[in-house]
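Q: Predicted coordinates and the sequence they were generated for:
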Amino acid sequence: MGLVIHILEYAHGRKYDGPEVDVWSLGVILYTLVSGALPFDGQNLRELRERVLTGKYRVPFYMSTDCEALLRKMLHLNPTKRHTLEAHATTPGFKHISSLDD
């Protein structure tokens, strides 16, 4: 089941297509680290797949608004509208992290 929730494009039957897929996976990982649970769940694989494909997940009450906003950008269903890795540099909470190129 883990692969289904990590890779939205595969669930749509598309092939891996670069950083947008990686951002989706990082969004799933961030959600899991913050909440202690996976963003998508279901009683069976069909229900789980449906929630992934519709982008339906619960935001825990204790999640910060900055984190929620970031996750919404990372878990956007449309890959072309999904947050880029470069955009994370200007996101609150990430501004203090220096570039690996430095």
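A: Alright, I've got the coordinates.
Q: Torsion angles phi and psi at the most centrally placed residue in the chain?
A: Nearest residue to the geometric centre of the chain (Cα atoms, centre = their mean): residue 27, 2.5 Å. Note on residue 27: its backbone torsions stand at phi -60, psi -40 [degrees, to the nearest 10].
Q: now swap in residue 63 and tell me
A: According to degrees, to the nearest 10, residue 63 has phi -70, psi 130.
Q: Let me know whether the residue nearest to the centre of the chain touches residue 75 as I believe.
A: Yes. Residue 27 lies in contact with residue 75 (Cβ atoms under 8 Å); the separation is 4.4 Å. Yep, even glycine has a C-beta here, placed from its N, CA and C like the rest.
Q: Look up the residues that both of these two are in contact with.
A: residue 39 (Cβ atoms under 8 Å, 6 or more residues apart in numbering).
Q: And the residue nearest to the residue nearest to the centre of the chain when sequence neighbours are not counted, how far from residue 42?
A: Among residues not flanking residue 27 along the chain, residue 74 sits closest, at 3.0 Å (Cβ to Cβ, 6 or more residues apart in numbering). To residue 42, residue 74 is 21 Å away according to Cβ to Cβ, to the nearest Å.
Q: How about residue 70?
A: 24 Å.
Q: Residue 61 now?
A: Counting by Cβ to Cβ, the gap from residue 61 to residue 42 is 22 Å.
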